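K.L.:
model this:
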Amino acid sequence: MKYRKEEQAHQVYIPALAIRCATFRSSCNRLPVAWADEPNVICGIAQRIGYTGTSDHDLAIYRLKVKSKGEEGRNIRRTLSAPFVLQDGVFEVYEKWCPKHNDMQAEEAPTSIYL
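P.N.:
Model (predicted):
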């Protein structure tokens, strides 16, 4: 399936609500999602699927379902294959977040997804 070039430019997703991070104790099951360069346009939903660990400050992991325009101008809803964590007001791919987090907290870094 081909996506338009302007859809590929929307690679940074943010919550459409004023949330900087979602932790084990204070995470929403579902969040509306927007593009970082168009924060007032809701483009999908983030569904919580697990956590990065079991402590109160571990982050929630989300699956993103976003809308995009197809070649014929019809809206296409697709689920992004990578899981995401919400940190500093931005959804970041879990696999890219994990090494950064491991470098910061080597002794207690999460390596598994807890469902």
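K.L.:
average pLDDT for the helix or strand residue 67 falls within?
P.N.:
Applying DSSP states H and E as the criterion places residue 67 in strand 60-69. On average, the pLDDT along strand 60-69 is 88.
K.L.:
count of neighbours near residue 71?
P.N.:
10 (other C-beta atoms under 10 Å). (Each C-beta comes from the backbone N, C-alpha and C, glycine too.)
K.L.:
what secondary structure does residue 53 sit in?
P.N.:
Secondary structure, DSSP: H, G, I helix; E, B strand; the rest coil: residue 53 is coil.
K.L.:
so the residue lying closest to residue 89 once chain neighbours are set aside versus residue 88, what's the distance?
P.N.:
Spatial nearest neighbour of residue 89, chain neighbours left out: residue 20 (4.8 Å); criterion: C-beta to C-beta, 6 or more residues apart in numbering. Using C-beta to C-beta, to the nearest Å, residue 20 is found at 6 Å from residue 88.
K.L.:
ok, now residue 72?
P.N.:
Counting by C-beta to C-beta - residue 72 and residue 88 are separated by 37 Å.
K.L.:
residue ranges of the strands in the protein, please?
P.N.:
Ranges of strands in the chain, per DSSP state E, are 13-15, 30-35, 38-51, 60-69, 75-79, 84-87, 90-93.
K.L.:
give me whichever of those is most buried.
P.N.:
When these are scored by mean count of other C-beta atoms under 10 Å, the highest mean neighbour count falls to strand 84-87 (a mean of 23).
K.L.:
got the contact list for that strand?
P.N.:
For strand 84-87, contacts defined as C-beta atoms under 8 Å, 6 or more residues apart in numbering pick out 13, 15, 19-22, 31, 46, 52, 59-64, 91-94, 97.
K.L.:
any low-confidence regions in the chain?
P.N.:
1-10, 21, 24-26, 101-115 (pLDDT under 70).
K.L.:
please name the bridge partners of residue 47.
P.N.:
Under the criterion DSSP bridges, residue 47 forms beta bridges with residue 30, residue 63.
K.L.:
surely it and residue 63 touch.
P.N.:
Yes. The pair residue 47 / residue 63 is scored as a contact, 5.1 Å apart, by C-beta atoms under 8 Å.
K.L.:
who's sitting farthest from the centroid in this structure?
P.N.:
residue 72 (27.3 Å; C-alpha atoms, centre = their mean).
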